[in-house]
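1. Build me a structure from this.
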Amino acid sequence: MLWSSHFEEACECLSKSSECEGDVVLVSLARLAKIAVCAMEVYRRASEDSSYAQHATMAIEPLKLALQNLRMSFSPIILQHRKSSASILP
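-> Residues are numbered from 1 along each chain as shown. This next block holds a predicted model:
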């Protein structure tokens, strides 16, 4: 499933309203999934097309930056939540 502006709007709405702890966790996991899907697409294209493999390295830095930005955006609630923190923290 492709990330859309609708997904981003829903994440923003859930982040702002944050009616329960689960909302913040859900948003963080959705954003992590977005990065993982992008990384998998780079891997898939590089494995299918050797000429793309040279360009795949250019996609790695933006993905690492997105992951770092996501990690920095985590609230203490997220950092305490085992499922999300175990999948992203070093």
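2. In this structure, which helix is the longest?
-> Ranked by residue count, the top helix of the chain under DSSP state H comes out as helix 21-48.
3. buried residues in it?
-> Neighbour-count burial for helix 21-48 flags 23-29, 31-32, 34-35, 39, 42, 46 (criterion: 16 or more other CB atoms under 10 Å). (Each C-beta comes from the backbone N, C-alpha and C, glycine too.)
4. For stretch 40-59, measure first residue to last.
-> Distance across stretch 40-59, first residue to last, is 11 Å (CA to CA, to the nearest Å).
5. Please enumerate residues in contact with that stretch?
-> 38, 60, 63 (CB atoms under 8 Å, 6 or more residues apart in numbering).
6. and if we set it to 7 Å?
-> Applying CB atoms under 7 Å, 6 or more residues apart in numbering, stretch 40-59 has no contact partners.
7. For it, give the mean pLDDT please.
-> Stretch 40-59 shows a mean pLDDT of 87.
8. got it, and stretch 67-79?
-> According to the model, stretch 67-79 has a mean pLDDT of 82.
9. got a pLDDT number for the spatially most central residue of the chain?
-> Nearest residue to the geometric centre of the chain (CA atoms, centre = their mean): L32, 2.4 Å. Per-residue pLDDT puts L32 at 89.
10. thinking it is in contact with L70, fair?
-> Yes: in terms of CB atoms under 7 Å, L32 counts as a neighbour of L70; the distance is 6.3 Å.
11. Perfect, that will be all.
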